[in-house]
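K.L.:
the following comprises the amino acid sequence and a computationally predicted model.
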Amino acid sequence: MIRADPLHFICFILVSSLGLLQQVASQTALQSDREIDESFTCEWKTKTLTCPDGQGIVIDFANYGRTTHPVCVMDPVRDAPNTCSTPYHTNLVATFCNGRSNCCVPATNLFFGDPCPTIVKYLQIKYHCETLIPSEIDESFTCEWKSKTLTCPSGKSIIIDFANYGRTTHPVCVMDPVRDAPNTCSTPSHTNFVATFCNGQSNCVVPATNLFFGDPCPTIVKYLQIKYHCV
């Protein structure tokens, strides 16, 4: 009959316990990485979302209006609990902020439109931070007359996934809310145009100007939207 070595048994228990502790620590870190931050920002103010270095914003929920939360009340009758909720606001803010380490979202009609003209509104946002993966797609919006610098780490090169100079549904670079309303000013060839200009480089400066792209929408203020990743 083989007798178990007490010392060997103790070592086995210690190793097993260490593995369990590491697993718990890993799960705790993951939960911390995904801790949701919720905020309420009154109309006419701005909310700044931030994540630690190396992490990016992920929007879980956003609404500009008024529901059941008793916040930003100026008149208790007029600003009573309401059902002023717009489902697409989550995707709107996600498109504007996801992947960035910092993002400023204005709680204004200029940015969201006015879903409840008769009441004072607030911006409700829930978001968490996730560790960025170097190969993830980077998206940016650059106002007309400015330039966007695309960069990749040393040893990696730019690959353009999408580019458009014009104005579509993104509420950015708005100078006149009527003139610069959501539009369909999109030029499919811009993706290949910017790709030819930038692909394979580690740094690339793209001007958001009519001189570089031509003028696809002469009557409105445009912006340059670019999505790219590094390989």
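P.N.:
Alright, I've got the coordinates.

K.L.:
for stretch 39-46, measure first residue to last.
P.N.:
End-to-end distance for stretch 39-46: 11 Å, by C-alpha to C-alpha, to the nearest Å.

K.L.:
who touches that stretch?
P.N.:
Here stretch 39-46 makes contact (C-beta atoms under 8 Å, 6 or more residues apart in numbering) with 47, 69, 71-72, 104-109, 120-125. Quick note: C-beta positions are derived from backbone N, CA and C, even for glycine.

K.L.:
can you turn the buried part of those into a PyMOL selection?
P.N.:
With 16 or more other C-beta atoms under 10 Å as the criterion, this PyMOL line picks the buried residues out of those:
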select buried, resi 47+72+105+106+107+108+109+121+122+123+124+125
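
K.L.:
farthest-apart pair in the contacts of stretch 39-46, please.
P.N.:
His69 and Cys104 (21.6 Å; C-beta to C-beta).

K.L.:
got the contact list for Tyr127?
P.N.:
Contacts of Tyr127 (C-beta under 8 Å, 6+ apart): 36-37, 49, 57-60, 97.

K.L.:
show me what Leu224 is bridged to.
P.N.:
Thr142, Tyr165 (DSSP bridges).

K.L.:
Asn203 too?
P.N.:
Beta bridges link Asn203 to Thr151, judged by DSSP bridges.

K.L.:
mean confidence for the strand or helix carrying Asn192?
P.N.:
Per DSSP states H and E, Asn192 falls inside helix 189-198. Taken as a whole, helix 189-198 has a mean pLDDT of 93.

K.L.:
show me the strands in the protein, by range?
P.N.:
Using DSSP state E, the strands of the chain run over 37-42, 46-50, 55-65, 102-106, 122-131, 138-143, 147-151, 158-166, 203-207, 223-230.

K.L.:
show me what the second one pairs with in its sheet, parallel or antiparallel.
P.N.:
Pointing back at strand 46-50 there. Strand 46-50 is paired, per DSSP bridges, with strand 102-106 (antiparallel).
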